[in-house]
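Asker: here's a sequence, model it:
(one chain, ligands or ions: 1)
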Amino acid sequence: MEQTFIIVKPEGVARGLVGEVLSRFERKGLKIKRLAMGEVKEDVAKVHYGHHADKPFFGELIQAITAGPVVFAVLEGPGAVQHVRNLIGATDPFKAAPGTIRGDFALENPFNIVHASDSPETAKEEIKRFFGD
Ligand code: CMP
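Answerer: Numbering: from 1, shown residues only. Down below sits the predicted model:
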């Protein structure tokens with residue numbers, strides 16, 4: 001069964017949105033297979049967002065994801081990657097449709113509340129990165 005990986009980012013945890021975010025995934029029918037609270041250390045953040053290293057916003061992105069506690073989860077279900085991406089909405093909160101997590105709870109990047117894997121292959125890498133084998 002397909003799995004995906006999500007992070008409720010520091011601003012989502014600080015604003016008390018963990019239950020809200022996870023409940024949207026559960027209501028859709030996705031199963032929470034793993035769940036943990038933790039933090040993203042700077043060295044791990046730089047690997048996780050390595051594909052954005054040349055972007056002007058890289059510094060603020062690393063600062064934002066390392067700013068405080070986060071919640072990590074592995075979600076499972078048919079088409080889990082695409083379903084989660086549909087539920088969270090567009091990366092840019094200005095473009096995220098109302099009814100999506102980012103559309104309902106975020107104002108601007110990098111504070112878009114949730115990270116989610118962009119493919120099943122990326123999900124495998126990210127699950128290993130944050131949960132180990
Ligand atoms: P995420 O899905 O975690 O993947 C990359 C992140 O980079 C994205 O969510 C945003 O938090 C952040 N991001 C993307 N574009 C910008 C931008 N223009 N300015 C600041 N942060 C950005």
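Asker: let me know whether residue 9 touches residue 116 as I believe.
Answerer: No: counting by C-beta atoms under 8 Å, residue 9 does not reach residue 116; the two are 10.8 Å apart. All C-beta spots, glycine's among them, are computed from the backbone N, C-alpha and C.
Asker: quick check: next helix or strand after whichever strand or helix holds residue 74?
Answerer: Per DSSP states H and E: residue 74 is located in strand 70-76. Where DSSP H and E defines the elements, the next helix or strand beyond strand 70-76 is helix 80-88.
Asker: need the residues of the chain near the ligand, please.
Answerer: 52, 57, 60, 61, 91, 109, 110, 112, 115 (C-beta under 6 Å from any ligand atom).
Asker: okay, now residue 82: neighbour count?
Answerer: 14 (other C-beta atoms under 10 Å).
Asker: what distance do you get for it to the ligand?
Answerer: 14 Å (C-beta to the nearest ligand atom, to the nearest Å).
Asker: so what's that residue up against?
Answerer: Residue 82 makes no contacts at all, as judged by C-beta atoms under 8 Å, 6 or more residues apart in numbering.
Asker: again, 10 Å this time
Answerer: Neighbouring residues of residue 82 by C-beta atoms under 10 Å, 6 or more residues apart in numbering: 2, 4, 118, 119, 120.
Asker: same question for residue 128.
Answerer: Here residue 128 is in contact with residue 5 (C-beta under 10 Å, 6+ apart).
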